[in-house]
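Enquirer: Sequence first, predicted model second:
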Amino acid sequence: MKTLREYIKEAEKKSVAIGHFNISNLEGLHAIYNAARKLNLPVIIGVSEGEENFIGREEVVALIRTIRERDNYPIFLNADHHKSFETVVACIDAGFDSVIIDGTKLNFEENVKVTKQCVDYARNVTKETGRDILVEAELGYIGEGSNIKDKVPEGAGILTKPEEAEKFIKMTGIDLLAPSVGSIHGLIKSGKPHINAELVTQIRKITGVPLVLHGGSGLRDIDFTNAIKAGISIVHINTEIRVAYTEGLNKSLVDSPDEVVPYKVSKPAQDMIEAVVFERLKLFNGIK
Ligand code: G3H
Ligand code: ZN
């Protein structure tokens, strides 16, 4: 099987993007995997620090590895928005395929320092074990939290400067960059800003590394397609999955108040997540 790095390269060549979807539980994992399988596309499962604590770090590694080996299927695991060197190390050691060191709350120098520390650690593990581990970092600020917001939060949406991105990559050696190009984490009731596709093109060109679009929930289809054409190779979706899960679960509880079998209660939630992921994957891959 190709490595995640190779799948990203292939996506870039084809001008498509790999979907990255967050999970909090097994229903989410099955839903995402079912959707990806139906379309025969590689897929990345992400867990934030909170999601990872809920599922269990080693447990989630075992789940993804089991599916990948059992079905010989390209499903990968990413440590999404991990805030410290220590949590990144724990994920690398546990067997994650990629990690995101999120130093966006730090100043440029501190962000460089912690990111470089993570890159060095990952490279050492690769040297010792042969495992290819991708390290991603974020530059600029696209807000926090995959939840529903009334408006764009104060301070979010600071766009990444191409020259700063170039300098950051030279100083850290990261494999993937999450730039701020217009999206914001979460669903914004008043709508999300448009993606600045021209900025995506400039950053991709000047940095030479594959780019990751965060804050995908609620973006317009045209923004996704323009961003992918401009050089985005991975797209992150979380809030839409969380909304599908809670809406499906609420409906199930209302429709079948006497149902007590957990896998029957949560099946509509799983189906709703699968439908969301299926549509997003089609869009990211130009499938009609
Ligand atoms: O890392 C996770 C994502 O960037 C998700 O953003 O909740 O807006 O889809 P979202
Ligand atoms: Zn994100």
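Expert: Good, I have the coordinates. Ligands and ions are numbered 1, 2, ... in the order given.

Enquirer: Lys20 is in contact with Val212, isn't it?
Expert: Careful, residue 20 is His and not Lys. Yes. His20 is within contact range of Val212, at 7.4 Å (criterion: C-beta atoms under 8 Å). Bear in mind the C-beta positions are built from the backbone N, C-alpha and C, glycine included.

Enquirer: State the pLDDT value of Ile158.
Expert: Ile158 is assigned a predicted lDDT (pLDDT) of 88.

Enquirer: quick one, strands of the stretch 101-250 of the chain?
Expert: 134-139, 148-149, 176-179, 187-188, 211-213, 232-237 (DSSP state E, counting those that start in this stretch).

Enquirer: tell me what the third one is packed against?
Expert: Translated: strand 176-179. Judged by 3 or more C-beta pairs under 8 Å, 6 or more residues apart in numbering; DSSP states H and E, strand 176-179 is in contact with strand 134-139, helix 162-172, helix 197-207, strand 211-213.

Enquirer: Tell me what angle the second one forms with strand 134-139.
Expert: Inter-element angle recorded for helix 162-172 and strand 134-139: 140 degrees (by axes from the mean of the first three to the mean of the last three C-alpha atoms, to 10 degrees).

Enquirer: returning to what we had before: for my notes, please list the helices and strands packed on strand 176-179 in CSV and give mean pLDDT and distance to ligand 1 for each entry.
Expert: Converted to CSV, the helices and strands packed on strand 176-179 look like this (pLDDT from 0 to 100; distance: least, C-beta to the nearest ligand atom, whole Å):
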stretch, mean pLDDT, distance to ligand 1
strand 134-139, 97, 9
helix 162-172, 98, 18
helix 197-207, 98, 15
strand 211-213, 98, 8
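
Enquirer: ok so, going back, now tabulate the strands of the stretch 101-250 of the chain in JSON lines and tack on mean neighbour count.
Expert: Compiled in JSON lines, these are given as follows (neighbours: other C-beta atoms under 10 Å):
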{"stretch": "strand 134-139", "mean neighbour count": "25"}
{"stretch": "strand 148-149", "mean neighbour count": "16"}
{"stretch": "strand 176-179", "mean neighbour count": "25"}
{"stretch": "strand 187-188", "mean neighbour count": "21"}
{"stretch": "strand 211-213", "mean neighbour count": "27"}
{"stretch": "strand 232-237", "mean neighbour count": "27"}
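
Enquirer: Arg220: which of those strands is closest?
Expert: strand 187-188 (12.1 Å; C-beta to C-beta).

Enquirer: which secondary structure elements does that closest one contact?
Expert: So strand 187-188, by 3+ C-beta pairs under 8 Å, 6+ apart, packs with strand 148-149, helix 239-255.

Enquirer: want to throw these into TSV with distance to Glu110 and mean pLDDT?
Expert: Below are these laid out as TSV (distance: least, C-beta to C-beta, whole Å; pLDDT from 0 to 100):
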stretch	distance to Glu110	mean pLDDT
strand 148-149	27	96
helix 239-255	28	98
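
Enquirer: No further queries at this time; thank you.
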